[in-house]
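Colleague: based on what follows, work out the 3D shape:
(one chain, ligands or ions: 1)
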Amino acid sequence: MKKWIVLLGLSCLTLAGRAQGNNYVQNYTKFPGLALTPPMGWNSWNKFACNVTEDMIRQMADAMVASGMKEAGYTYVNIDDCWHGERDSLGFIHPDPQRFPSGMKALADYVHALGLKLGIYSDAGSQTCGGRPGSRGYEFQDALTYASWGIDYLKYDWCNTEGLKAEGAYKTITAALRKAGRPMVLSICEWGTDVPWTWGQQVGHLWRTTGDIFNCFDCIEDHGTWKSWGVMQILDKQEGLRKYAGPGHWNDPDMLEIGNGRLTPAEDRAHFSMWAMLSAPLMAGNDLRSMAPETKEVLTNKHVIAVNQDSLGVQGFRHTVKDSIETWYKPLHNGEWAICFLNRSTLAVVVHHNWKTVVKDEIFNYELNTEDNTYRLVNLWTGKEQGTTTGMLKYVLPPHDVLMLRAFPPAGIAGRQNAAAPRVKDNELPADRQATTETVKLYQHLKTLPGKGFLVGHQDALAYGVNWKYVKGRSDVKELAGDYPALYGWELGNLELGAAVNLDSVPFDKMRNYIREGYSRGGVITISWHGNNPVTGKSAWDVTPGTVAAILPGGASHGVFVQQLDKVAAYLESLTAKEGRPIPVIFRPFHELTGSWFWWGAKSCTAAEFKTLFRFTVDYLRNKKGLHHLLISYNTGTEFTGRNEFLERYPGDDYADILSFDTYQHNDNTSPDTAFAKSLSAHMTIVEQLALEKNKIPAIGEMGFNKIPYDKWFTEIVAGALKGRRLAYLLFWRNAGFKPHDQTTEYYVPYKGHKAAADFNAFYRLPETLFEKEAAKLNLYK
Ligand code: BMA
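Modeller: Residues are numbered from 1 along each chain as shown. Modelled structure (predicted):
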């Protein structure tokens, strides 16, 4: 709020407590933002088993480029088992000096110089499946070593793990990778025994669903104590698993056997098509240096790869089985579909398919209606048009072969997300279409509140109050009302500098615990950021013009700002509940943007610069950092007098879920201030109307009357002006109490014995005000 401009501008920042971070805090969740489509690459095992050398891996990387595989999308060059040498006396693992004489770092540099990425292999047990040193007990050391080598992908196997629990073991390696700090894809290779699809989503980027693949189309290879499986056997084992897969978390039916000499060209095609339909990782397992042209044609078929890599990330499903013909469907973006007919018999079969049908994806709620709509068809193996979805399809399908089609909807349906509405309609989703389930639920609940009631919040409620600090369970609101606020506001300022304590002296570690506490009781979290000026290094209240321009992409201080955002992202990401589930957060960066007291304020940057800054920030957190637990609040001051002024700096509907403003009564009136009530009402009218039109959530980001000189302020002024108004929440600002650094006193909720205490109690009892007990009953995350 603006009253503090001058005072805070003069006060200096306390950086004494700069954070090192707590070394004992572990993060058991995978690196975000990786494998948003199924990973593509090559792995040594299927063809070379234990015969891996650095020369061979280099040649394979070269061949990946020369053969056109890289261009087709293959990126990872993955060394499987048996690269290992010994651990040294300090426990550090080294590659086999004969096979990898130049060391792994040199190999990674070589692979990276080709624009590719390097993967490696280890095992959760004492030894790998090939009898080499496993990572059990060395997880953190190994992760550091891999990171120092420049590894990008870790396949982590499950041999020799007697007595270990899979989920715990994989969480340990994830935590180790996170601590080592280099983003790596984690491939969970647990063979499906401990149902990794039920716990793997947060822990790794893909998980094996079955035992190993065997190089045959339709057979089982019995090894005595274990079996390996043909392509069709693996396919059958995917039943029921599609609901667990999606961007960043894939079912892995194992690596490809295409080009390894046992499958016929038709079988290679079928294998590749089905892996594409399954959204499976595409890891070639053949010798890329000496590929037959037919093999290359299969592995680099761009139409089939596009089905696998489709941005929707929805795994396909088997719809019908008739006369040895299986019909598979996979919804794609833009309302398109992949359709694949698979002939499982050893004889040619004539496929008869009646297009007069409606196919439903019951799990992800897509619908392909070829009964009422005519789709254009392209044959993905010939690349040619294959008619439309009118009448009957008649096609002679050779044994073990596929007819794979892509269906394009007619104009009108194309461009929409799909022919049928997805289960959650677009207008019920927050701006981040990939938001976590709980974030979506919170958003939907907040959408239903306006007009019925509003959550009442308090900034820093659990950390301190007037005359107290850090007392477990205490809150000034609770002391008056017998109930906690329903909304908890927290502040990030100084986090971007690496400080351990925020600008209002709340340690970030404590804040994280308070956030967990409030969330676990059913409360809602909102976070502001009075970030220091990234250009001058002074406070948020340093309005040096040109700051925003300088931190935008291409600006001289962009790098500094990105580093600051990295710190903010890391902290937001660390806000997890039990089991690593992210706690949904209402994030309101660059608030009071219409005012002129912050470096992002209206006098310090143009509207275009502000919008770019806002969008860049949201995109960076959402897409680069993979944070999907944020609802975004666009939050002005009270400078606007109409809708155009409110929207002048609005970044767009894709960048905001909440439309809000901050408002304070700035005087010492001990009697009703009708001017304040009037302006509150006028601002509310504008914001609630816009929220209705834009399908957003209206709210008050901050509000207060410092020291509450008028003792009926809550019921008469606030509740009076907000009667019948449509807002989802309001947040009272902080009860700082006496602030020694500027010798002022600041609090916005009364404390016990204050003359407005009884009125606050009456405010609590109003039917429209929702505090935590009532919020908890609403189950805002379910
Ligand atoms: C202001 C005041 C300051 C505080 C800042 C950021 O309104 O409360 O004391 O530092 O917000 O929270």
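
Colleague: my guess is Thr357 contacts Tyr375. True?
Modeller: No. Applying CB atoms under 8 Å, one finds Thr357 not in contact with Tyr375, separated by 11.8 Å. For glycine as for every other residue, the C-beta is placed from the backbone atoms N, C-alpha and C.

Colleague: okay, these two: which has more neighbours?
Modeller: Remark: of Thr357 and Tyr375, Tyr375 carries more neighbours, 25 against 13, as counted by other CB atoms under 10 Å.

Colleague: quick one: that one and Asn369, what's the gap?
Modeller: 9 Å (CB to CB, to the nearest Å).

Colleague: how is this protein divided into domains?
Modeller: 40-310, 320-408, 439-778 (the TED database).

Colleague: I'd like the average pLDDT over the shortest one.
Modeller: It refers to domain 320-408. Across domain 320-408, pLDDT averages out at 95.

Colleague: over to the last one?
Modeller: For domain 439-778, the mean per-residue pLDDT is 96.

Colleague: please state the offset of it from the chain centre?
Modeller: 23 Å (CA atoms, centre = their mean, to the nearest Å).

Colleague: that one near the ligand at all?
Modeller: Yes. Counting by CB under 6 Å from any ligand atom, the ligand is contacted by domain 439-778 at Glu491, Gly493, Leu503, Asp504, His530, Trp733, Arg734, Ala736, Glu746.

Colleague: so what's whatever residue of the stretch 351-500 of the chain ends up closest to the ligand up against?
Modeller: Nearest residue of the stretch 351-500 of the chain to the ligand: Glu491, at 4.6 Å (CB to the nearest ligand atom). Contacts for Glu491 were tallied using CB atoms under 8 Å, 6 or more residues apart in numbering; they are Gln459, Asp460, Asn502, Leu503, Asp504, Val506, Ile527, Ser528, Trp529, His530.

Colleague: please tell me how far it sits from Cys50.
Modeller: 55 Å.

Colleague: with Cys340 instead?
Modeller: 35 Å.

Colleague: how about Asp62?
Modeller: Counting by CB to CB - Asp62 and Cys50 are separated by 22 Å.

Colleague: what do you get for Gly85?
Modeller: Taking CB to CB, one finds Gly85 at 13 Å from Cys50.

Colleague: same check on Leu368?
Modeller: In terms of CB to CB, Leu368 sits 46 Å off from Cys50.

Colleague: same check on Arg87?
Modeller: 19 Å.

Colleague: ok, Tyr395 next?
Modeller: 44 Å.

Colleague: now do Phe587
Modeller: For Phe587 relative to Cys50 (CB to CB), the value is 50 Å.

Colleague: so for those two, which residue has more residues nearby?
Modeller: Neighbours per residue (other CB under 10 Å) separate Phe587 from Cys50, with Phe587 holding more: 24 against 16.

Colleague: is that one located within a strand, as I assumed?
Modeller: Yes. Assignment of Phe587 by DSSP: H, G, I helix; E, B strand; the rest coil places it within a strand.

Colleague: show me the contacts for it.
Modeller: Phe587 touches Thr526, Ile527, Trp529, Leu572, Leu621, Leu630, Leu631, Ile632, Ser633, counting by CB under 8 Å, 6+ apart.

Colleague: go ahead and confirm Gly91 touches Gln141.
Modeller: Yes. Counting by CB under 8 Å, Gly91 touches Gln141, with 5.6 Å between them.

Colleague: more neighbours: those two, which one.
Modeller: Gln141 (17 against 12).

Colleague: report pLDDT for that one.
Modeller: Listed pLDDT for Gln141 reads 98.

Colleague: buried residues in the one helix or strand it maps to?
Modeller: Per DSSP states H and E, Gln141 falls inside helix 139-149. Residues of helix 139-149 classed as buried: Glu139, Phe140, Gln141, Asp142, Ala143, Leu144, Thr145, Tyr146, Ala147, Trp149 (neighbour count, 16 or more other CB atoms under 10 Å).

Colleague: ok, the residues you listed vs Pro95, which is closest?
Modeller: Here the nearest of the buried residues of helix 139-149 to Pro95, counting by CB to CB, is Trp149; it sits at 8.9 Å.

Colleague: and the closest one, how far from the ligand?
Modeller: Computed as CB to the nearest ligand atom, to the nearest Å, the Trp149 to the ligand distance reads 44 Å.

Colleague: let me see the backbone angles for the closest residue to that residue other than its chain neighbours.
Modeller: The shortest distance from Trp149 to any non-neighbouring residue, by CB to CB, 6 or more residues apart in numbering, is to Met104 (4.1 Å). Per-residue torsions, Met104: phi -70, psi -30 (degrees, to the nearest 10).

Colleague: was I right about Met104 contacting Ser148?
Modeller: No. With contacts counted by CB under 8 Å, Met104 stays clear of Ser148, the gap being 9.0 Å.

Colleague: so what sits against both of those two?
Modeller: Residues touching both Met104 and Ser148 by CB under 8 Å, 6+ apart: none at all.

Colleague: now Ile708: closest residue in space that isn't a chain neighbour?
Modeller: Ala756 (4.2 Å).

Colleague: contact partners for that neighbour?
Modeller: Ile708, Tyr710, Asp711, Lys712, Trp713, Phe714, Pro750.

Colleague: could I have the buried ones of those as ChimeraX selection syntax?
Modeller: A single ChimeraX command selects the buried members of those (16+ other CB under 10 Å):
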select :708,710,711,712,713,714,750
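
Colleague: for Lys165, state which of the contacts of Ala756 is nearest.
Modeller: Closest to Lys165, out of all of these and judged by CB to CB, is Pro750, at 51.4 Å.

Colleague: just the strands in the stretch 201-350 of the chain please.
Modeller: Using DSSP state E, counting those that start in this stretch, the strands of the stretch 201-350 of the chain run over 206-208, 220-222, 227-229, 250-252, 282-284, 317-322, 325-331, 337-343, 349-354.

Colleague: for the stretch 301-450 of the chain, what spans make up the helices?
Modeller: 302-308, 437-448 (DSSP state H, counting those that start in this stretch).

Colleague: show me the contacts for the residue lying closest to Leu368 once chain neighbours are set aside.
Modeller: Sequence neighbours aside, Val359 is the residue nearest to Leu368 in space, at 4.4 Å (criterion: CB to CB, 6+ apart). For Val359, the contact set (CB under 8 Å, 6+ apart) comprises His319, Tyr329, Glu367, Leu368, Thr370.

Colleague: top of those by number of neighbours, please.
Modeller: Top of these by neighbour count (other CB under 10 Å): Leu368, with 25 neighbours.

Colleague: quick one: it and Lys330 touch, right?
Modeller: No. With contacts counted by CB under 8 Å, Leu368 stays clear of Lys330, the gap being 10.1 Å.

Colleague: name the residues contacting each of those two.
Modeller: Taking CB under 8 Å, 6+ apart as the criterion, Leu368 and Lys330 both touch Trp337.

Colleague: quick one on the thing from earlier: now render the contacts of Phe587 as JSON lines, adding neighbour count and secondary structure.
Modeller: As requested, these are exported to JSON lines (neighbours: other CB atoms under 10 Å; DSSP: H, G, I helix; E, B strand; the rest coil):
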{"residue": "Thr526", "neighbour count": "25", "secondary structure": "strand"}
{"residue": "Ile527", "neighbour count": "22", "secondary structure": "strand"}
{"residue": "Trp529", "neighbour count": "21", "secondary structure": "coil"}
{"residue": "Leu572", "neighbour count": "20", "secondary structure": "helix"}
{"residue": "Leu621", "neighbour count": "22", "secondary structure": "helix"}
{"residue": "Leu630", "neighbour count": "24", "secondary structure": "strand"}
{"residue": "Leu631", "neighbour count": "24", "secondary structure": "strand"}
{"residue": "Ile632", "neighbour count": "24", "secondary structure": "strand"}
{"residue": "Ser633", "neighbour count": "22", "secondary structure": "strand"}
